[in-house]
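**Q** Sequence first, predicted coordinates after that:
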Amino acid sequence: MKKLLFGAALTLFGSMSAANAATVVWTNWTSGTISSTSGSAAGTMGSVAVTYSGENDCLNCYVSNWSPASTWQGGPVSNAPPGNGSIQLQGGGNPVVTDTITFSTAVLNPVLAIVSLGQGGINASFDFDSTLTFTLAGGGGSSQWGGVPLQANGSVVFGQEGNGLVLFSGLISSISWTNPVAENYYAFTVGEVGAIPEPSTWAMMLLGFCGVGFLAYRRRSNQASSAFTAA
């Protein structure tokens, strides 16, 4: 019985490790209008329709090959965006444009992949709506431009040739930000991580499973004892 419970624990902890990495559904951008102030884009993220308004300097351009994949893998994200899917920005402007991604239905834990944010001597940034909660993951150099992981200070994500993932928390209908600093170009795309059980949830599941196994063991022991007494 002890071997059975130990084996079950190993299996469950193995499942926990695998489940903490999720396959992200990235947006397939299919159409858009190019403008530094009033651009747009549209696509699908699985069954969710995604629209974008704001600066759009180039749709699905070469700047965003998302390579090496490891730069855009981290936290719960196990797969980098595919191909060249991206919206390209330059930032700056007078006035500075507000960029907004809108989902047709609220999305759980969306993730923004960013490539080539800033350059030597220029700290470009995404200044997100302060109501949004996020963490950073992944990061490193890109195959094209090198670089370093993104950094964050409050609601601002910045970098000098920064790459990585911005992981938002909760059910979110839209994501808004500004890019107040101009540089040559950088790009982004968006995907959905979905629900990832917390470690505490897995721990409770393991305790429950062991408890059920212990009760079964006690029951079998009692049955064996009763049979011996009856004999």
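**A** Here it is on my side, so go on.
**Q** How is this structure divided into domains?
**A** Domain assignment for the chain by automatic domain parsing gives 2-13+198-230, 22-192.
**Q** What mean pLDDT does the last one get?
**A** Which is domain 22-192. Per-residue pLDDT over domain 22-192 has a mean of 96.
**Q** and that domain, how far apart are its ends?
**A** Start and end residues of domain 22-192 are separated by 10 Å (C-alpha to C-alpha, to the nearest Å).
**Q** on that earlier part again, could you export the domains of the chain as JSON lines, including mean neighbour count?
**A** All C-beta spots, glycine's among them, are computed from the backbone N, C-alpha and C. Supplementary listing: these in JSON lines, determined by neighbours: other C-beta atoms under 10 Å:
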{"stretch": "domain 2-13+198-230", "mean neighbour count": "11"}
{"stretch": "domain 22-192", "mean neighbour count": "18"}
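**Q** Please tell me how far the residue nearest the centre of the chain sits from Ala41.
**A** Nearest to the mean C-alpha position of the chain, counting by C-alpha atoms, centre = their mean, stands Val111 at 3.6 Å. Distance check for Val111 against Ala41: by C-beta to C-beta, to the nearest Å, it reads 17 Å.
**Q** Check Tyr185 too.
**A** Taking C-beta to C-beta as the measure, Tyr185 falls 16 Å from Ala41.
**Q** now swap in Asn153 and tell me
**A** Using C-beta to C-beta, Asn153 is found at 28 Å from Ala41.
**Q** Surely Ile172 touches Leu132?
**A** Yes. Using C-beta atoms under 8 Å, Ile172 is in contact with Leu132, at 7.3 Å.
**Q** Tyr62: what secondary structure?
**A** Using DSSP: H, G, I helix; E, B strand; the rest coil, the structure places Tyr62 in coil.
**Q** what does Trp29 give?
**A** Following three-state DSSP, Trp29 is assigned to strand.
**Q** Now for it: which residues touch it?
**A** Trp29 sits next to Ala41, Ala42, Gly43, Val50, Leu59, Asn60, Gly85, Ser86, Ile87, Thr189 when contact means C-beta atoms under 8 Å, 6 or more residues apart in numbering.
**Q** shouldn't Asp127 be in contact with Pro180?
**A** Yes. With contact taken as C-beta under 8 Å, Asp127 and Pro180 are classed as touching, separated by 6.2 Å.
**Q** Now do the contacts for Glu161.
**A** For Glu161, the contact set (C-beta under 8 Å, 6+ apart) comprises Ser116, Leu117, Gly118, Gln119, Gly120, Gly141, Trp145, Gly146, Gly147, Val148.
**Q** Can you tell me which of these is closest to Ser70?
**A** Set against Ser70, the nearest of the contacts of Glu161 by C-beta to C-beta is Gly141 (9.9 Å).
**Q** Just to check, that closest one is in contact with Gly147?
**A** Yes. Applying C-beta under 8 Å as the test, Gly141 and Gly147 come out as touching, 4.8 Å apart.
**Q** Now for those two: what residues contact both?
**A** Joint contacts of Gly141 and Gly147 (C-beta under 8 Å, 6+ apart) are Glu161, Asn163.
**Q** so which helix or strand takes in the residue nearest to the centre of the chain?
**A** Counting by DSSP states H and E, the element that carries Val111 is strand 110-117.
**Q** Put the alpha carbons of whichever helix or strand comes after that strand into CSV.
**A** Stepping forward along the backbone from strand 110-117, the first helix or strand reached (DSSP H and E) is strand 124-128. As requested, C-alpha coordinates have been extracted for strand 124-128 and formatted as CSV (Å, rounded to 0.1, in the frame of the first residue of the first chain):
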residue,chain,number,x,y,z
ALA,A,124,11.5,52.3,-25.1
SER,A,125,8.5,51.2,-23.0
PHE,A,126,5.0,49.9,-22.9
ASP,A,127,3.1,52.0,-20.3
PHE,A,128,0.1,49.8,-19.4
